[in-house]
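>>> Structure for this input, please:
(one chain, ligands or ions: 4)
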Amino acid sequence: MVKLSFDYKTLSLSPDLHSHSTYSDGTLAPEALVARAADRGLKVLALTDHDDTSGLASAQTAAQALGLTLVNGVEISVTWRSHTIHVVGLNIDPANAALQTGLAATRGGRHRRAEKISAALDDVGIAGSREGIKEFAANADMVSRTHFARFLVKCGAVKNMQVAFNRYLGAGQPCFVPHQWAGLEDAVGWIKNSGGVAVIAHPGRYPLDNAQMRELLAEFSEHGGAAIEIITSSHKPQQAAHFAAYAQKFGLAASAGSDFHSPQESYFDLGSLPALPPGTTPVWQMLGL
Ligand code: AMP
Ligand code: MN
Ligand code: MN
Ligand code: MN
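Ligands and ions are numbered 1, 2, ... in the order given. This next block holds a predicted model:
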């Protein structure tokens, strides 16, 4: 009889180190997110809500009951030069006071920004967004463009979320409201000082040329940033290779995360990430996983 042997290391599912719950712009509550991850075979998941860590406690409780390792995470909105950049923090301590003060300040402007987006939608003839987004924004302190996009789909103004961003909410579109987020050095500092590892999220999404990308990564490393996402729903396969080369050049570890927001909206579902390219150093080696 032929005995088949398997290398369980290569068969085991990669950790998913980027996901969202209803505490930011995901559609699943932390408990439901964790249950879906466990159902789909994930062993390690990071919850990384935008600018808010309120979902971590219930996610941890749910994860423990299911035998899943939940990494405490956050995704901080940063303004670098004129660009919005997202920095994921992994293994952060949500009880850290400086981190919480920084996140509160980063979230703080979202109320006024949301009002400006609603006013801009009124101006293009789309009424009712102030009330309409409430169905989607469970955390009143974390109103995001995603909630507006879901409202635009629901009221029939656009056929899907992509069109909502392309036509109304994306940079340069009529209902885009420029915003000043956290500074890069501050965000990396809050993450590091709370014991976490800072990761540049979905680098392929930023409209930066190669020289600007090098400058961003040099500054990020200088401030103590340690990793860059290689595998994400935002990247095409050739971008994974492209950013793996950047990781090598800047001595950054490689991260993988679906950036899961909802079963309907994310390219990679939980538990379906491709492996990191060979030659990269997985960031989970720095997380004690
Ligand atoms: P905000 O932090 O309020 O500016 O919202 C940013 C969020 O909008 C991101 O985290 C994504 O979830 C979502 N988003 C941005 N661009 C797009 C897009 N083109 N299609 C779908 N969702 C997008
Ligand atoms: Mn989001
Ligand atoms: Mn992001
Ligand atoms: Mn995200």
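
>>> Could you give the secondary structure assignment for the nearest residue to Lys116 once chain neighbours are set aside?
Spatial nearest neighbour of Lys116, excluding adjacent residues (CB to CB, 6 or more residues apart in numbering): Val177 at 4.4 Å. Where C-beta positions appear, they are placed from N, C-alpha and C, glycine not excepted. Following DSSP: H, G, I helix; E, B strand; the rest coil, Val177 is assigned to coil.

>>> Thought Arg112 was touching Val177, still the case?
No. Counting by CB atoms under 8 Å, Val177 does not reach Arg112; the two are 9.0 Å apart.

>>> higher neighbour count, the two?
Val177 (16 against 11; other CB atoms under 10 Å).

>>> helices or strands up against the longest strand along the chain?
When the chain is parsed with DSSP state E, its longest strand is strand 69-80. Applying 3 or more CB pairs under 8 Å, 6 or more residues apart in numbering; DSSP states H and E, we find strand 69-80 packed against strand 44-47, helix 56-66, strand 83-90, helix 97-108, helix 184-193.

>>> Off-centre distance for the last one?
Centroid separation between helix 184-193 and its chain, computed with CA atoms, centre = their mean, to the nearest Å, is 16 Å.

>>> Quick check: next helix or strand after it?
strand 197-200 (DSSP states H and E).

>>> List the contacts of that next one.
Contacts of strand 197-200 with the rest of the structure, by CB atoms under 8 Å, 6 or more residues apart in numbering, involve 17, 85-91, 187-188, 191-192, 216-217, 220, 223-229, 252-253, 255, 283, 286-287.

>>> What of stretch 163-177?
Applying CB under 8 Å, 6+ apart, the external contacts of stretch 163-177 come out as 113, 116-117, 120-121, 123-124, 126, 145, 148-149, 152-153, 157-158, 207.

>>> And ligand 1, is it touching that?
Yes. Shown here: stretch 163-177 in contact with ligand 1 (CB under 6 Å from any ligand atom) through Phe165, Gly170.

>>> Now the stretch 51-200 of the chain against ligand 3: closest residue?
Nearest to ligand 3 in the stretch 51-200 of the chain, going by CB to the ion, is His86, at a distance of 3.7 Å.

>>> Spell out which residues sit in contact with Asp186, please.
Gly102 are the contacts of Asp186 under CB under 8 Å, 6+ apart.

>>> any idea how far Val71 is from it?
22 Å (CB to CB, to the nearest Å).

>>> What of Ala253?
Counting by CB to CB - Ala253 and Val71 are separated by 14 Å.

>>> In the stretch 151-289 of the chain, what residue lies closest to ligand 1?
Phe165 (3.6 Å; CB to the nearest ligand atom).

>>> Where does the prediction get shaky in the stretch 51-200 of the chain?
Scanning the stretch 51-200 of the chain for pLDDT under 70 picks out no residues.

>>> Tell me the bridge partners for the closest residue to ligand 4 within it.
At 4.8 Å from ligand 4, Glu75 is the closest residue in the stretch 51-200 of the chain, using CB to the ion. Taking DSSP bridges as the rule, Glu75 bridges to His50, Val88.

>>> Show me what from the stretch 1-150 of the chain comes close to ligand 1.
Applying CB under 6 Å from any ligand atom, we find that the stretch 1-150 of the chain lies next to ligand 1 at Asp25, His50, Ser77, Ser144, Arg145, Thr146.

>>> If you could redo that for the stretch 151-289 of the chain, that was the one I meant.
Met161, Gln162, Phe165, Gly170, His261.
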